[in-house]
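*Asks:* Just a sequence and a predicted model for now, questions to come.
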Amino acid sequence: MIDEPSGDDTAEPDVNISSSAAAPALSIFQGNGTSEEGREYLRRQSNLSDKQSRFLDLQMESLHEQRQLHISHLKWRRFNDQMSGALQIMLVIVGALVLAGLGAWLWSAAHDNGLAIEAFSVPPDLAARGLTGQTVASRLLDDLSAMQAETDSVRPPSSYSNNWGDDIKVQIPETGVSVGELNRYLRAWLGNETRITGEVYTSPAGLAVTARAGSDAAPTFEGPEHELDRLLQKAAEQIYARTQPYRYAMYLEEHGKMDDAIAILAKLAASASRSERAWAYIGWSIALSDQGRIVESAERARDAIRADPAKYSGWGNLLDADLFLDHPEEALATARTSLVILHDREDADMTPDAAALSGSITEANVDEFVGDFRAAAREDEAGTRLPDFRHQGEYLAATEAQDWALDHDGAAAREVLGRVPRFDDPYDIANLRTNIALMNVGLEDWAKALAANETAVATWRGLTGAANGGARVFVVRIPTAYLALTKAMTGDLVGARATIAGTPADCYTCIRMRGKIDALAKNWGAAGWWFAVAIRQAPSLPFAYSDWGQMLLGKGDLEGAIGKFRQANAKGPHFADPLELWGEALMAQRRSDLALSKFAEADKFAPNWGRLHLKWGDALLYIGREREARTQYAAAAKLDLSESDRANLARRLRVGHD
C-alpha cells in the first residue's frame, strides 16, 4: 500500500511492496542509482515488448487479410447465389415461353378455319408434261382466291361460322415426321380446317376433275384436256358453294345470277342458325332489290329483323325499300332505329368501311326527311371521303349535289355535280339522272327539270323487264311525281294530271304533287284534301305542311298559311322554305318588320337562296331601309333566281336607279 504523505512535500514516498514476486526487481533498483542488471532487465523487457508488438501487428495484419478473403468469399458466394437464382428464373421463363408457345400452337390449331388444298392425284403422263398434282392444286387455289376477291358483301368475315377468309393454301406433302407434318396433324385433329382433295384422270371425254371438301361426295366435271381451266373453275365453284354458301350466293349476285342466288339464300333461311338465317334474309332482300322487286325485298328485310333485330343490315335494307316505295314516315323511323343500332353496338355486323359509309348515308337521310338539306349535303360530302363500298361513296357526290340544290345553293350543286364520276352501271346511271332532275326542281329551273325528269323516268323504265316483275310501278314513283309537277309548272296541266294519275295512293311525294298541281289550277279544296292525306301518311315530315301553307298563301288565307308554316317549322326547324314563305305571308299582312326575323332565320339554313334575298330586300325597302335593301338585292343578283324573280329584281334595281 502507499502511505499517506508527510508534511514535507519534497520527501520521497515510502513505497511498500508486499508481493514476494517483485523482490528481485526491487533489489535491482535499490539505492540512488540503477544497476547494470536493472538496465539489462529493462532492455530484455523492451525487446520482449517489441516482439510482442510486432506479433500483435502480424496478427492484426493476418486478421485483416483473412477478413478481406472472407469478405471476398462471401461476395463470391452471393454472386453465385444470384447467378443461380437468375439461371433458375431464366429456366422458368424459358419453360413458360415454351408452354405459351405450345399453348398458342395448340390454340391456333384448334381455331384454324383455313382452307388447305392437297396436291391432286394426276396421271403420270400429265405429270411428266408439267401438270403435276401441286400445279393442279395451285390453279384451283387461284380460282378460289379470285372468287373470294369478287365477293362483295357488307358482312364481316368474323360473322361466318365457316370462314377461311384469306387463309387459302396449297398443302405440300412432306416425308417423315417434321414440324410441318405435326402442325398438319394438330390442325386436322383439333381445328376446323377445310381440306380439299381431288384427282384428275383420263376419261372418254378427255379429262375428268373431281374436287371434294373433306369426305363429302363431289361431282365430277369432264371435258377435253384444253378445257382443264374451265373444269377447275367449275370444281372451284362447287367447293365455294358447299363450304361458303352465303358468299357463293353473293358471288352469284355480283355476276347477275339472281335466281340461283335466291335459291341458295332461301335454303339457308329455312335451315340455318338464327344468325345465319338473318344473314340469309338480308342477302335475299338485296337480291330482290337488285331485281327491282322492292315490295318483296322489304318483306325479306322484315324477316331478317324478326330473326335478329340487332343486325343493322336488316334495318338498312328496309330503309332502302321504304325510300324506293316513298314511305318516308316509315323510312324516318327505320333510319333512326338503324343509327341507334349502328352507333351503340360494339360488335358491329358490318365491315368497318361499310359501317362508316352506311352511318354517313343514313345520317344524311334523316336530315333530308326533316328538310335540313344543308346538313344532309355536308354528311354526303363527309361520306365521299370515306373508303368506298359498292360505289356508294362515289355516288354520294350526286346526292350531295341534289341536297345543295334543295337548299337553293345552285353554285355548290353545280360544283359538286362536276366531280361526280362517270358511271357505267345502268342502275347507278338511273339514280344519277334522278338526282339531276331533283336538283333542277330545287333550283326552280323548270324547263331543265322537265327534260331531266323525262330522262330519269325513261331510264328507270328501261331497266325493268319481264324478269323484274312489277318493279316498274315502284322504282319510278318519285321521278314520275316530279315529272307531273314540272309539266304543270311549264303550263301543261292536262299532261301533269295524266302523268300523276298513274301513281299509287301510298306514295307520299305523289300525293303532295297531286295537291300542288291542283293548287296551280286554283282547285283549292282538292289541293287541301291531298295535302291532308299526305300529312296523315307522314305526320313527322314538314313538306306537306309547307305545301299546304303555300297553297293557302296563294289563295289569300294569310292566317291559315302562317298556321301551316308554323307547323312545318315545328317539324323541320332547319327547313328554310316555310320560314321564307312565312316572311312573305307577314309582308302580305303589311308586317314587313316582323318578316325580317323570318328571313334572317331562313338565312341561317339557306344563305345562298336568291329568292330569299330578293324578298328580304323587299321587306327592308317597304320599311324605308333602302341601303340595306340594296345590299340584299345585290346578293340576290349573284344567286340563282327563277325567270319571274329575276325580272322582279331587275324592276327593283331599275326603279331604285331611276
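*Replies:* Now that the structure is in, tell me what you want to look at. All values derive from a computational prediction rather than experimental measurement.
*Asks:* now what about stretch 647-656, what contacts it?
*Replies:* Contacts to stretch 647-656, defined as CB atoms under 8 Å, 6 or more residues apart in numbering, come from residues L614, G617, D618, L621, E626, R630, Y633, A636, A637, L641. Heads up, the C-betas are built off the backbone N, CA and C, glycines and all.
*Asks:* buried stuff in it?
*Replies:* By neighbour count with 16 or more other CB atoms under 10 Å, stretch 647-656 contains the buried residues N648, L649, R652, L653.
*Asks:* Next: stretch 372-386.
*Replies:* Buried residues in stretch 372-386, counted by 16+ other CB under 10 Å: 372-384, 386.
*Asks:* got it, and stretch 287-297?
*Replies:* Result for stretch 287-297 [16+ other CB under 10 Å]: buried residues A287, L288, S289, D290, Q291, G292, R293, I294, E296, S297.
*Asks:* try stretch 544-554
*Replies:* Within stretch 544-554, the residues that count as buried by 16+ other CB under 10 Å are A544, Y545, S546, D547, W548, G549, Q550, M551, L552, L553.
*Asks:* picking that back up, can I get the buried residues of stretch 287-297 in JSON lines with secondary structure and distance to A397?
*Replies:* What follows is the buried residues of stretch 287-297, written out as JSON lines (DSSP: H, G, I helix; E, B strand; the rest coil; distance: CB to CB, whole Å):
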{"residue": "A287", "secondary structure": "helix", "distance to A397": "27"}
{"residue": "L288", "secondary structure": "helix", "distance to A397": "27"}
{"residue": "S289", "secondary structure": "helix", "distance to A397": "22"}
{"residue": "D290", "secondary structure": "helix", "distance to A397": "22"}
{"residue": "Q291", "secondary structure": "coil", "distance to A397": "26"}
{"residue": "G292", "secondary structure": "coil", "distance to A397": "24"}
{"residue": "R293", "secondary structure": "coil", "distance to A397": "28"}
{"residue": "I294", "secondary structure": "helix", "distance to A397": "24"}
{"residue": "E296", "secondary structure": "helix", "distance to A397": "30"}
{"residue": "S297", "secondary structure": "helix", "distance to A397": "25"}
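*Asks:* Output these in TSV; the columns should cover pLDDT and distance to I535.
*Replies:* Below are the buried residues of stretch 287-297 laid out as TSV (pLDDT from 0 to 100; distance: CB to CB, whole Å):
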residue	pLDDT	distance to I535
A287	88	35
L288	89	31
S289	86	29
D290	81	34
Q291	81	33
G292	80	30
R293	85	30
I294	88	24
E296	92	29
S297	92	27
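*Asks:* State the distance from E299 to E253.
*Replies:* Here E299 is placed at a distance of 18 Å from E253 (CB to CB, to the nearest Å).
*Asks:* Name the next helix or strand downstream of the strand ranked longest in the chain, please.
*Replies:* Secondary structure of the chain per DSSP state E: the longest strand is strand 194-203. Following strand 194-203 in sequence order, the next helix or strand is strand 206-213 (DSSP states H and E).
*Asks:* Quickly run through the sheet partners of that next one, with directions.
*Replies:* In the sheet, strand 206-213 lines up against strand 194-203 (antiparallel), strand 220-223 (antiparallel) (DSSP bridges).
*Asks:* ok, of those, where does mean pLDDT dip lowest?
*Replies:* Among the strands paired with strand 206-213, strand 194-203 carries the lowest mean pLDDT, at a mean of 80.
*Asks:* List the buried residues for it?
*Replies:* Quick answer for strand 194-203 (16+ other CB under 10 Å): T194, R195, I196, T197, G198, E199, V200.
*Asks:* count of residues packed around A437?
*Replies:* Residues contacting A437 under the criterion other CB atoms under 10 Å number 26.
*Asks:* With D353 instead?
*Replies:* By other CB under 10 Å, the residues close to D353 number 14.
*Asks:* With adjacent residues omitted, what lies nearest to it?
*Replies:* Excluding the flanking residues, the one nearest D353 by CB to CB, 6 or more residues apart in numbering is P387, at 4.2 Å.
*Asks:* Pull the contacting residues for that neighbour.
*Replies:* Contacts here follow CB under 8 Å, 6+ apart; on that basis P387 touches D353, A356, L357, G393.
*Asks:* got a pLDDT number for G465?
*Replies:* 48.
*Asks:* Just the ones in helices from the buried residues of stretch 647-656, please.
*Replies:* Judged by DSSP state H, the subset of the buried residues of stretch 647-656 located in helices is N648, L649, R652, L653.
*Asks:* can you put those residues in TSV and add distance to G528 and pLDDT?
*Replies:* Shown next, in TSV, are those (distance: CB to CB, whole Å; pLDDT from 0 to 100):
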residue	distance to G528	pLDDT
N648	28	91
L649	32	93
R652	33	87
L653	37	85
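*Asks:* which one among these gets closest to W76?
*Replies:* Nearest to W76 out of these is L649 (CB to CB; 103.2 Å).
*Asks:* Against A619, how distant is the closest one?
*Replies:* 14 Å.
*Asks:* same deal with A600?
*Replies:* As defined by CB to CB, A600 lies at a distance of 10 Å from A619.
*Asks:* Then E253?
*Replies:* According to CB to CB, E253 and A619 sit 56 Å apart.
*Asks:* What of G549?
*Replies:* In this structure, G549 and A619 are 18 Å apart, going by CB to CB.
*Asks:* again, but for F79
*Replies:* From F79 across to A619, the span is 96 Å (CB to CB).
*Asks:* domains for the chain, by residue range?
*Replies:* Split into domains by automatic domain parsing, the chain comes to 66-110, 111-255, 442-657.
*Asks:* If we go by neighbour counts, what in the helix or strand where A137 lies is buried?
*Replies:* Secondary structure assignment for A137, by DSSP H and E: helix 133-150. When burial is assessed from 16+ other CB under 10 Å, helix 133-150 yields the following buried residues: G133, Q134, T135, V136, A137, R139, L140, L141, D143, L144, M147, Q148.
*Asks:* Closest to E65 out of these?
*Replies:* Q134 (77.3 Å).
*Asks:* which one of the domains of the chain is the most hemmed in?
*Replies:* Comparing these by mean neighbour count (mean count of other CB atoms under 10 Å), domain 442-657 ranks first with a mean of 19.
*Asks:* Which SSE is immediately downstream of the longest helix along the chain?
*Replies:* For the chain, the longest helix by residue count, based on DSSP H, is helix 36-110. Downstream of helix 36-110, the first helix or strand assigned by DSSP H and E is strand 115-118.
*Asks:* So what are the sheet partners of that next one and their directions?
*Replies:* Take DSSP bridges as the rule and strand 115-118 pairs in its sheet with strand 168-171 (parallel), strand 194-203 (parallel).
*Asks:* now the first one: mean pLDDT?
*Replies:* When you say that, I think you mean strand 168-171. Averaged over strand 168-171, pLDDT sits at 48.
*Asks:* I appreciate the help and will end here.
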